[in-house]
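Visitor: One predicted model, sequence on top.
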Amino acid sequence: MTIKPLIILPDPLLRQISAPVERVDDDVRRIADDMLETMYDAPGIGLAAIQIGLPRRLLVIDLAKEGDDAAPQVFINPEILTSTDERSVYEEGCLSIPDYYAEVERPAGITLRYLDREGRQQEIAADGLLATCLQHEIDHLNGVLFIDHISKLKREMVVRKFTKAAKTRGSKAI
């Protein structure tokens, strides 16, 4: 397994819509393992493939509490089938927008269809933190960032801050 460099705002790749995974094979499983290693190293609880520069519909999550055994989950071609009318608010952060957090309101529960590591179709009902994390990572696959769910003023301030930092680093800017 290899730790991959993270794509950081304002890199335009973060706004790209990811393509479906055509088939689940050893290459896809290796990418998922690299993503988990990268996520644990960061550290984070979720990571979409686009965040390591791969515009593919693949994400990983591990919501195990500190001190518990790891509980990695791999979601390939995830698709939200239903969402509840009930809403929940969580303070979200993002490995591609380091050290910035904001409260985001999302549906409290979802039903999700996806392929597992073996390419088998699965369906789950998720609520709480799992529902929030899945929605956050699926947003990435659609070129949406969690800051798109906050006020325009706050979002513009964050983008300006990261664009300035990128220019200082000599990175790509929007």
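Guide: Yep, that arrived. Keep in mind that what you see is a predicted model, and the values were worked out from it rather than measured. Residues are numbered from 1 along each chain as shown.

Visitor: quick one: the helices in this protein?
Guide: Using DSSP state H, the helices assigned to the chain run over residues 26-41, 128-141, 152-169.

Visitor: and of the ones you listed, who's closest to Leu9?
Guide: Shortest distance between Leu9 and the helices of the chain, using Cβ to Cβ, is found for helix 152-169: 4.2 Å. Heads up, the C-betas are built off the backbone N, CA and C, glycines and all.

Visitor: tell me which residues in the closest one are buried?
Guide: Residues Arg155, Val158, Val159, Phe162, Thr163, Ala166 are the ones in helix 152-169 that count as buried (16 or more other Cβ atoms under 10 Å).

Visitor: Likewise for stretch 34-45?
Guide: By 16+ other Cβ under 10 Å, the buried positions in stretch 34-45 come out as Asp34, Met35, Leu36, Glu37, Thr38, Met39, Tyr40, Gly44, Ile45.

Visitor: could I have that stretch exported to CSV, CA atoms only?
Guide: The C-alpha coordinates for stretch 34-45 follow below in CSV (Å, rounded to 0.1, in the frame of the first residue of the first chain):
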residue,chain,number,x,y,z
ASP,A,34,-3.9,3.0,-1.2
MET,A,35,-6.8,5.3,-0.4
LEU,A,36,-7.3,3.8,3.0
GLU,A,37,-3.6,4.1,3.8
THR,A,38,-3.7,7.7,2.7
MET,A,39,-6.8,8.4,4.7
TYR,A,40,-5.4,6.9,7.9
ASP,A,41,-2.1,8.8,7.4
ALA,A,42,-3.9,12.2,7.0
PRO,A,43,-5.8,11.3,9.3
GLY,A,44,-9.4,11.3,8.2
ILE,A,45,-12.6,9.2,8.2
